[in-house]
Each structure stands twice: as structure tokens, then as C-alpha cells.
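Undergrad: quick one: sequence and predicted model below, then my questions.
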Amino acid sequence: MRIIVHGQQAFGKAVCEALIDRGDDVTAVYCAPEKEGRKTDPLKEYAQSRDLPVFQPKSYRKQEVWDQFAELKPELCVMAFVTLFVPEEVLNTPTHGTIQYHPSLLPLHRGPSSINWPIIWGSTRTGLTIFWPDNGLDTGPVLLQKEIEITPDDTMGTVYFDKLFNLGVEALLEGVDMVKAGNAPKMVQDESKATYEGWCKKENVEIDWNKPVDEVYNLIRGANPAPGAWTTHGGKTLQIFDAAKTDGGGTPGEVIEVSAETITVAAQGGAVLVKRVRPEGAGKVPAGEFAAGAGLQTGAKLG
């Protein structure tokens, strides 16, 4: 079966590599256009190392792009981390259509930041969906789903890299096998259960120390490593990354303890042990190191 892999970055590369390693006929690769000053996309690098043709259209809304895609005579398109809108004129070109990876249990958490939001809101379960994309946003029929646990110490990074990344590669391969076997279902999503959230951006992750400690902690871990929850100190932004929930009392936002490695900040009903931060204009450092350099002492106020 002639397969086109459409994706980008490490996940796109991993999917393409896995398909080729097991003997699938990957005939071409589509990936995101180059960005000035950025490194070459890992998927593009891998495709070139295997002498595969690589296409990088800036838009998929043009007839010439549709014609070029059709000339490749694909039987299936596998979408692995795609951020540009791809219309049905492309999606429906392959003989067996297109399947796509999405890191949530659709119809829950449609949208581009579907890993961040479940953690921020304190969910204990999430997962991934392989589905048949259409002109809607993550609205197409479901092929298969895999569920995972979000533990109390998981972050956006651990959920993606330690759980959903490899599982997603395996699920896409499983989906390809189901298409080959002719038994790939198309289960219509239940719109009554659908949710949509936009990008999780800096303006969404400012820490309000007056909120319950559980909410503060969930915000920090759901934004770690991106976009990075933040507070302020001395009029400057201070991003907080690695942290833990702990006991402690004090005025919300008050620094109640400083050690060589950490600082502890009070919230409603408890405190947050801050382990790693990024001061404005600098790199990530241990929180205690930042405190020493900034003169941050017990009794100081963040936010």
C-alpha cells in the first residue's frame, strides 16, 4: 500500500521511521514549511536520508497542491502532528483516505493544546485517538483510541514524551494495519460530549496564588515545559517548571521557605515546593539558585 506520511518534528519522524523499518511502502513525505533561523525538521532530514521526495507547501488550499498530491497515487495518508489545515480535497485523494493522530480521547479536548488542558483541570485520565479527519477541527470519525492515566505528578512533558508519544506511533501503525485488512471502523463522534479548547498560551497560565493549592499545582504541571506557568518577582516575570505540592501556611504568594535548591510558596490550603524556574531573560535554574542571586528571602511575595 502506497503511503504518504504527513507530519513534522520528532513524532513525524518516529512514525515514518517505524513504517519504513517494518517494510511499509512510504512513497513521499509532506512536512511543515521551513522557518527562518530554525533547524531543519527532523522528519525532513530523515526522509532525505532515505531518498524520499519531500513536499512543504505553505497552504493546502490550492489546486496545484491537490494535483501534486494526486500525482503520487497514494493509497493512504498518515498524518502525524500536522498544524496546517488540510482540506478534504487532499484528505480524500488516497484510495483509502487519511488517518490522523490526536492526543486526546475525542470528542474531548479538540484543539491544539489537548495535552495541557486535561492536566490543568485536574483530570486523571486522557489518551489518544486515531481518526479520519474531515474539514472540521478534530471532528472526523474515530478509528481507534488508547487511554492512559494522568498521575498526580505528571506534567505536560511526561504525559506526551513518556506516555502518548510511543503509544501514538504504535497506534498509527495499528491503524494502518486495520486499513490494510479492510476492518478499520469509522465511529461517528458524539457531539453532545465534544469540547474544544484553543492554544494554551502565556496569558492562560499566570499563577494566581489565591487559588486552592491543587489548582495552582495543576496549572504549573500542565504548562511544564510549555508554555511555562509564571508569576512575578520585582516586576519581572518568573516562570515556574518543576514543582511539588506540599504542606505549609502563609499568605498566598508568600515565600515561606528557601533552601539551597528550592523555594516554597504559600497558596490557599497548602504550598508549592518550587524546584526549577526561569527568570526573565535567562535560562532555567534551580529555584534556590535563583533565590540566592535575586536576594529572595522568606517573607517575600510573588505575584
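TA: Okay, I see it.
Undergrad: can you give me the helices in the stretch 201-303 of the chain?
TA: Ranges of helices within the stretch 201-303 of the chain are 213-222, 287-294, based on DSSP state H, counting those that start in this stretch.
Undergrad: hmm, who's touching the longest helix along the chain?
TA: Secondary structure of the chain per DSSP state H: the longest helix is helix 165-181. The contact list for helix 165-181 (CB atoms under 8 Å, 6 or more residues apart in numbering) reads 1, 3, 10-11, 14-15, 18-19, 22, 24, 76, 78, 80, 96, 99, 101, 103, 128, 130, 143-144, 146, 148, 184-185. C-betas here are computed from N, CA, C, even on glycine.
Undergrad: could you identify which of the helices of the stretch 201-303 of the chain is most buried?
TA: Greatest average neighbour count among those goes to helix 213-222 (a mean of 24), per mean count of other CB atoms under 10 Å.
Undergrad: helices or strands next to that one in the packing?
TA: Helix 213-222 is packed against helix 116-120, strand 229-233, strand 243-246, strand 263-267, strand 270-274, with contacts defined by 3 or more CB pairs under 8 Å, 6 or more residues apart in numbering; DSSP states H and E.
Undergrad: okay if I get the ones you listed as a markdown table plus distance to residue 252?
TA: Formatted as a markdown table, these follow (distance: least, CB to CB, whole Å):
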| stretch | distance to residue 252 |
| --- | --- |
| helix 116-120 | 19 |
| strand 229-233 | 11 |
| strand 243-246 | 14 |
| strand 263-267 | 6 |
| strand 270-274 | 10 |
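Undergrad: and of the ones you listed, who's closest to residue 299?
TA: Nearest to residue 299, of all these, is strand 263-267, at 10.8 Å by CB to CB.
Undergrad: helices and strands around that closest one, which ones?
TA: The contact analysis (3+ CB pairs under 8 Å, 6+ apart) places strand 263-267 against helix 213-222, strand 255-258, strand 270-274, helix 287-294.
Undergrad: rewinding a little: just put the helices and strands packed on helix 213-222 in JSON lines and tack on mean pLDDT and distance to residue 34.
TA: JSON lines is the format used below for the helices and strands packed on helix 213-222 (pLDDT from 0 to 100; distance: least, CB to CB, whole Å):
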{"stretch": "helix 116-120", "mean pLDDT": "98", "distance to residue 34": "26"}
{"stretch": "strand 229-233", "mean pLDDT": "97", "distance to residue 34": "30"}
{"stretch": "strand 243-246", "mean pLDDT": "97", "distance to residue 34": "36"}
{"stretch": "strand 263-267", "mean pLDDT": "98", "distance to residue 34": "41"}
{"stretch": "strand 270-274", "mean pLDDT": "98", "distance to residue 34": "38"}
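Undergrad: where exactly do the helices run in the stretch 51-200 of the chain?
TA: Taking DSSP H, counting those that start in this stretch as the test, the helices found in the stretch 51-200 of the chain are 63-71, 88-91, 116-120, 156-157, 165-181.
Undergrad: what about those, which gets the closest to residue 208?
TA: Among the helices of the stretch 51-200 of the chain, helix 116-120 comes nearest to residue 208, with 12.6 Å by CB to CB.
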